[in-house]
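Trainee: Output the structure for:
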Amino acid sequence: MKKVILSAVFFSAFLAKAQNSPANEFKYLEYDIQKIQSLYKSNKTSVKEVVEAYLKRINDIDKNGVQLNSIITINPDALKIADSLDHLDPKLKDKPLFGIPVLLKDNIDTHDKMPNTAGSLALKNSFPLQDSYLAKKLREAGAVIIGKTNLSEWANFRGMKSTSGWSGLGGLTKNPYILDRNTCGSSAGSGAAISANLGIIAIGTETNGSIVCPSSLNGVVGLKPTVGLISRKGIIPISSTQDTPGPMARTVKDIAISLGTIVGEDKNDIKTVGSSQFLHKDYTKFLTLNGLKGKRFGYIKGITNGASKKVDELFLKTLQNLKDQGAIIVEIEKELISEEVQQKSFELMVAEYKDGLNDYFQSLGKNAPIKNIDELIAFNKNNKEELQYFGQEFLILSAKGDGTKDKNYANAVKVAKEGSQDNGIDFAMKKYTLDAIIAPTTTEAWKTDLKNGDHYSYGSADAAAIAGYPSITLPMGYVDELPVGISFFAEKWQEGKLITMAYTFEQSNPQRKVPQFLK
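Mentor: So this is what the prediction gives:
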């Protein structure tokens, strides 16, 4: 208990110091859902006042000041929506996300005055014909969608040697801890914006690491759910096998609250059909403190393979911390997945990309600015801004293939599934009688290098991403002022169990620090 109190005192002291920083002079600094809503219930503020404050902070921090560049579009109707919520009958205000400023990654459809672009100049005037299932659910829960976040263009699956956090339309997102460091991709803007207190929660998307990596590098919590827990309808796709949206926030509690509002079966996304028996409308019931003591956590010895000595040291220290709290640490003998499984995952992504993009472009109707993947490739070739830093090899590779009709596609799906599930996570969980598998999420943020692309050396997202299984990351500690996350993985549909583990870890070992926007 003494260790917990000391950690809390340190956190409070750091927060007080951050509040004295000009970039962190913000009325609602580090506020969460519950704290904002308590102001509404006591009539101490209005939704319009809160939304106005966040829009001003975006202007001061993101567009001006340190120019974080994490927001690609502001919702021009945000204040109007906020005002309408203030005038609702009090009985209609009892919603889990009532009046909460939410940001969406700019590959998620909204039927309003905001385009959905994937960060591409080709879609800068592309306005979806309807809300994505996800956006619809957020609005029903009372959220105010205040803007769209920047991302690695086309969710970081356009070409080789890409730079995470850069898009032709949105430019480069900076890391709020040290501005010349990377934010990771592809949900770069979502991670940076939430870390910098530009919203309460954000929604990212992941195919392989695109929620957990930016969450780790930006010092926030990110949940990559089981594929099929949340509908992908209305989200610009890469892989129908691996794609999923998920919440990003500053606390595990906000993850739990927001997750329950966006899950559900959607007849337009076959992966979600039948999920009702596994999902929960309220994940806050998993916010208990019994997620560590007596639990068996497996880890792969030498997991970072020397990619970062300091991250290794931090992780080993964390393992000891878990042992001190009663956890049982078990060493896993080998990697969870093979290189062959990773290769097959790439092959199925390439095959599904073409079909998915063409279907999405068709959903935009007769006025779609881009009609198919070939038109997109041609657009990029004719716009030097798009290809100024890296190419479009993945788009071209996908366009040349036969999509999901390729003769090798079914085998790629089979090998990837069996290798990551039956012979991967499920095998390890059963063999070692584990409650979860843990690992450093990735290394500390590297220096952004637009010329040569990402200096990405290690990440633990692959197994859960390829399996379509859930994972959650939250701050584990810091390396040279840069946050590093710890990830918890488990079997399919085990989001509740992971939330309990992450919440217990967070409460007993608080590591979230307010970023200082260092140069």
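Trainee: does residue 104 sit in a helix or strand, and which one?
Mentor: In this assignment (DSSP states H and E), residue 104 forms part of strand 101-105.
Trainee: Can you work out which other helices and strands pack against that strand?
Mentor: Judged by 3 or more CB pairs under 8 Å, 6 or more residues apart in numbering; DSSP states H and E, strand 101-105 is in contact with helix 47-57, helix 133-140, strand 144-149, helix 188-195, strand 201-206. Just so you know, the C-beta spots here come from the backbone N, C-alpha and C atoms, and that holds for glycine as well.
Trainee: can you give me how far the fourth one is from the chain middle?
Mentor: Taking CA atoms, centre = their mean, to the nearest Å, the mean C-alpha location of helix 188-195 is offset from the chain mean by 9 Å.
Trainee: Identify all contacting residues around that helix.
Mentor: For helix 188-195, contacts defined as CB atoms under 8 Å, 6 or more residues apart in numbering pick out 62, 68-72, 103, 105-106, 149-152, 164-165, 170, 173-177, 183-184, 199-204, 214-215, 217-220, 222, 248-250, 515.
Trainee: about what we covered before: now could you export just the CA positions of the strand holding residue 104 as PDB?
Mentor: Extracted C-alpha coordinates of strand 101-105, given in PDB (Å, rounded to 0.1, in the frame of the first residue of the first chain):
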ATOM      1  CA  PRO A 101     -16.000  15.400 -26.600                       C
ATOM      2  CA  VAL A 102     -14.900  12.500 -28.800                       C
ATOM      3  CA  LEU A 103     -12.500  12.300 -31.700                       C
ATOM      4  CA  LEU A 104     -12.600   9.800 -34.600                       C
ATOM      5  CA  LYS A 105      -9.700   8.600 -36.700                       C
END
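Trainee: quick one, phi psi at residue 332?
Mentor: Backbone dihedrals for residue 332, given as degrees, to the nearest 10, come out at phi -90, psi 140.
Trainee: Just the ones of the contacts of helix 188-195 in helices?
Mentor: 214, 215, 217 (DSSP state H).
Trainee: can you give me the helices for the stretch 351-500 of the chain?
Mentor: Counting by DSSP state H, counting those that start in this stretch, the stretch 351-500 of the chain has helices at residues 373-381, 393-400, 409-417, 426-431, 462-467, 495-508.
Trainee: Deepest-packed of the ones you listed, please.
Mentor: helix 462-467 (a mean of 27; mean count of other CB atoms under 10 Å).
Trainee: What helices and strands are in contact with it?
Mentor: Counting by 3+ CB pairs under 8 Å, 6+ apart, the packing neighbours recorded for helix 462-467 are helix 339-363, strand 482-489.
Trainee: what about that helix, distance to the chain center?
Mentor: In terms of CA atoms, centre = their mean, the centre of helix 462-467 is set 15 Å apart from its chain centre.
Trainee: Paired strands for the strand holding residue 104, with orientation please.
Mentor: Strand partners for strand 101-105, identified by DSSP bridges, are recorded as strand 144-149 (parallel), strand 201-206 (parallel).
Trainee: out of the ones you listed, deepest packed?
Mentor: strand 201-206 comes out most buried of the strands paired with strand 101-105 by mean count of other CB under 10 Å, with a mean of 30.
Trainee: Keeping just the C-alphas, turn that one into PDB.
Mentor: Below are the C-alpha coordinates for strand 201-206, written out as PDB (Å, rounded to 0.1, in the frame of the first residue of the first chain):
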ATOM      1  CA  ILE A 201     -11.700   9.700 -25.800                       C
ATOM      2  CA  ALA A 202     -10.700   8.900 -29.400                       C
ATOM      3  CA  ILE A 203     -11.500   6.000 -31.600                       C
ATOM      4  CA  GLY A 204      -8.600   4.400 -33.500                       C
ATOM      5  CA  THR A 205      -8.500   1.400 -35.800                       C
ATOM      6  CA  GLU A 206      -6.000  -1.500 -36.000                       C
END
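Trainee: Rounded mean pLDDT for it, please.
Mentor: The average pLDDT for strand 201-206 rounds to 98.
Trainee: what's the neighbour count on the closest residue to residue 265 other than its chain neighbours?
Mentor: Of all residues not flanking residue 265 in the chain, residue 272 sits nearest, at 4.9 Å (CB to CB, 6 or more residues apart in numbering). Using other CB atoms under 10 Å, residue 272 is surrounded by 22 other residues.
Trainee: right, and residue 272 touches residue 264 too?
Mentor: Yes. Here residue 272 lies in contact with residue 264, judged by CB atoms under 8 Å, at a distance of 7.1 Å.
Trainee: so what's in contact with these two at the same time?
Mentor: With contacts defined as CB under 8 Å, 6+ apart, the residues adjacent to both residue 272 and residue 264 are 230, 231.
Trainee: shaky segments in the stretch 251-400 of the chain?
Mentor: 303-307 (pLDDT under 70).
Trainee: 50 instead, please
Mentor: Within the stretch 251-400 of the chain, no range satisfies pLDDT under 50.
Trainee: can you pull out the strands in it?
Mentor: Using DSSP state E, counting those that start in this stretch, the strands assigned to the stretch 251-400 of the chain run over residues 296-300, 328-332.
Trainee: Check the spacing between the residue minimising distance to the centre of the chain and residue 178 real quick.
Mentor: Residue closest to the average C-alpha location in the chain (CA atoms, centre = their mean): residue 211, at 2.7 Å. Distance from residue 211 to residue 178, counting by CB to CB, to the nearest Å: 22 Å.
Trainee: Now residue 352: closest residue in space, sequence neighbours ignored.
Mentor: In this structure, residue 352 finds its nearest non-sequential neighbour in residue 239, 4.7 Å apart by CB to CB, 6+ apart.
Trainee: ok now do the one you found, which residues does it touch?
Mentor: Contacts of residue 239 (CB under 8 Å, 6+ apart): 207, 348, 349, 352, 353, 356.
Trainee: so which of the residues you listed comes closest to residue 446?
Mentor: Ranked by distance to residue 446 (CB to CB), the contacts of residue 239 are led by residue 207 at 20.8 Å.
Trainee: what about the closest one, neighbour count?
Mentor: 26.
Trainee: Test my guess that it contacts residue 240.
Mentor: No. Residue 207 is not in contact with residue 240 according to CB under 8 Å; the separation is 10.2 Å.
Trainee: The residue of the chain most remote from its centre and residue 198, how far apart?
Mentor: Residue farthest from the centre of the chain, counting by CA atoms, centre = their mean, is residue 89 at 33.8 Å. Relative to residue 198, residue 89 is positioned 30 Å away (CB to CB).
Trainee: now do residue 384
Mentor: Distance from residue 384 to residue 198, counting by CB to CB: 31 Å.
Trainee: who's more crowded, these two?
Mentor: Neighbours of residue 384 and residue 198, each counted by other CB under 10 Å, are more numerous for residue 198; the result is 28 against 9.
Trainee: dump the residue contacts of the more buried one.
Mentor: By CB under 8 Å, 6+ apart, the contact set of residue 198 is 54, 57, 58, 61, 62, 68, 70, 71, 103.
Trainee: what about the stretch 1-150 of the chain, any weak spots by pLDDT?
Mentor: Using pLDDT under 50, the flagged stretches of the stretch 1-150 of the chain are 1-20.
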